[in-house]
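got a sequence here, can you model it:
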Amino acid sequence: METPGPAPVRAGVNEKCKVVEMSNLVEQLHEDHVNVSRILDLIETEVGRARDEEMPDLDLLEDAMRYMINYSDLVHHPKEDSIFAKLVQKEPGFADEAEVLRQEHETLARLGGEFLDVVRAAEHGDFVLRKDVISRGSEYVEALRSHMDAEEVGFLKRARASLSSEDLEEIEAAFASSHDPLVTESLQVEYAALYRSLT
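Coordinates of the predicted model:
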């Protein structure tokens, strides 16, 4: 009988972000999920304030969504897409699941961009309905949480079992110049509001 998969990805807001050695790309992707979960907690809190008819921290929301687009959409998800392709070569039966996950990456990028547009409009003083902040933010958080949970119990488990160190090194080499702002000094400079909330 198959053993249960790991629990859904969650992280307390006081838990430190961390990075693991890049020689283990699969574990780094898992740590990315844990770190992103912390940011989703922050987004959820601010959306909750909007729902309670309070003023959300728009600076924090903008920083959080810029990070999600600049790292998750442009680095993390392309790494996963590369692993999908490698896994399909080894396990053709994974092709359908891989395509679903890849399409979800595209959907998440769209949802994130739409939410960031709403946040920026509100920040610039444009007329924005409170319900749009709530609905766009909630839809994004729920979609990304569901996506990460599915990857934890399916895709990452397959990658651990099927990919060799040589497979992962090949993928890592293609992203050698890409770094996560959460574990570099650029977080404090480029994402000041997010930095203050995470430390």
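
what's the first helix or strand after the helix or strand hosting Glu151?
Assessed by DSSP states H and E, Glu151 sits inside helix 130-153. Next helix or strand after helix 130-153 toward the C-terminus (DSSP H and E): helix 155-162.

got the angle for the very next helix or strand once past that next one vs helix 155-162?
The helix or strand immediately downstream of helix 155-162 is helix 165-174, counting by DSSP H and E. Here helix 165-174 runs at 130 degrees with respect to helix 155-162, directions being taken by axes from the mean of the first three to the mean of the last three C-alpha atoms, to 10 degrees.

buried sites along helix 165-174?
By neighbour count on 16 or more other C-beta atoms under 10 Å, the buried set for helix 165-174 is 167-168, 171-172. Placement of C-beta: from N, CA and C, glycine included.

and the biggest helix by length in the chain, what other elements does it pack with?
Identified as the longest helix of the chain according to DSSP state H is helix 95-123. If you count contacts as 3 or more C-beta pairs under 8 Å, 6 or more residues apart in numbering; DSSP states H and E, helix 95-123 packs onto helix 58-67, helix 77-90, helix 130-153, helix 155-162.

so which of these is the most packed in?
Each of those was scored by mean neighbour count; the highest is helix 58-67, a mean of 22, by mean count of other C-beta atoms under 10 Å.

quick check: angle from it to helix 95-123?
Using the same axes, to 10 degrees: helix 58-67 against helix 95-123 is 150 degrees.

helix 58-67 packs against which elements?
Judged by 3+ C-beta pairs under 8 Å, 6+ apart, helix 58-67 is in contact with helix 25-51, helix 95-123, helix 192-198.

between those, which gets nearest to Val75?
helix 25-51 (9.0 Å; C-beta to C-beta).

report all helices and strands that the closest one contacts.
Applying 3+ C-beta pairs under 8 Å, 6+ apart, we find helix 25-51 packed against helix 58-67, helix 77-90, helix 130-153, helix 155-162, helix 165-174, helix 192-198.

so what secondary structure elements neighbour the last one?
If I follow you right, that is helix 192-198. Going by 3+ C-beta pairs under 8 Å, 6+ apart, helix 192-198 lies up against helix 25-51, helix 58-67, helix 186-190.

list the buried ones in that helix?
By 16+ other C-beta under 10 Å, the buried positions in helix 192-198 come out as 193-195, 197-198.

kindly export it (C-alpha atoms) in PDB.
Only the C-alpha atoms of helix 192-198 are listed here, as PDB (Å, rounded to 0.1, in the frame of the first residue of the first chain):
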ATOM      1  CA  ALA A 192      11.600  46.600   1.400                       C
ATOM      2  CA  ALA A 193       8.000  46.100   2.700                       C
ATOM      3  CA  LEU A 194       8.200  42.400   2.100                       C
ATOM      4  CA  TYR A 195      11.600  42.200   3.900                       C
ATOM      5  CA  ARG A 196      10.200  44.000   7.000                       C
ATOM      6  CA  SER A 197       7.300  41.600   7.200                       C
ATOM      7  CA  LEU A 198       9.400  38.500   6.800                       C
END
